[in-house]
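Can you look at this prediction? I've put the sequence above it.
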Amino acid sequence: MRVQIQAVEFTAGQHLIEFINKKIGKLDQYFDKIIDVQVFLRLDKKNSSVKDKVVTIKMKVPNNQVVATEVSKNFEKAVDLSVDSLRRQLKRYKGKMRGQ
């Protein structure tokens, strides 16, 4: 599984990159045929006083793509929420593949 992390208009720290790689690596437990993962980190500029953190994770699996987007006050929480959503989607996708 190849993981690409892109921080839009800022530079992500090494701690955040390691955190993301660790969380995404755990998704192999639920579905071992993940081909490619793209993580997009950006700051939501709607409110100028407090910028929300937006995490979008696109995961390529055989014949499909699974996407999760979450917003939070910090990137770690948004990554946790996105990974939870992807875990549920992967379980559902794996169940559909077995049914075919």
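On my side now, so go ahead.

count of neighbours near residue 58?
16 (other CB atoms under 10 Å). From N, CA and C alone the C-beta is placed, and that goes for glycine too.

Sorry, wrong one. I was asking about residue 76.
By other CB under 10 Å, neighbour count at residue 76 equals 16.

Need the contact partners of the helix or strand it falls within.
Following DSSP states H and E, one finds residue 76 within helix 75-99. Residues from elsewhere that reach helix 75-99, judged by CB atoms under 8 Å, 6 or more residues apart in numbering: 12, 16, 19-20, 23-24, 26-27, 30-31, 34, 39, 41, 53-57, 59, 61, 64, 66, 68-72.

Sort out which residues of the strand or helix carrying residue 37 are buried, please.
According to DSSP H and E, residue 37 maps onto strand 36-44. Neighbour counts over strand 36-44 (16 or more other CB atoms under 10 Å) mark 37-39, 41-42 as buried.

Now do the same contact list for the residue nearest to the spatial centre of the chain.
Centroid-nearest residue in the chain, with CA atoms, centre = their mean: residue 57, separated by 3.1 Å. With contacts defined as CB under 8 Å, 6+ apart, residue 57 is in contact with 24, 37-40, 67-69, 79, 82-83, 86.

tell me which of those residues is nearest to residue 3?
residue 37 (4.7 Å; CB to CB).

If I look at the closest one, what pLDDT would I see?
pLDDT for residue 37: 97.

From residue 58, how far off is it?
Going from residue 37 to residue 58 by CB to CB, to the nearest Å gives 7 Å.

in the lowest-mean-pLDDT helix or strand in the chain, what counts as buried?
When the helices and strands of the chain are scored by mean pLDDT, DSSP states H and E, helix 75-99 comes last with a mean of 92. Judged by neighbour count using 16+ other CB under 10 Å, the buried positions of helix 75-99 are 75-76, 78-83, 85-87, 89-90, 93.

Next, work out how far apart residue 81 and residue 75 are.
Distance from residue 81 to residue 75, by CB to CB: 11 Å.

Residue 91 now?
Residue 91 is 25 Å from residue 75, by CB to CB.
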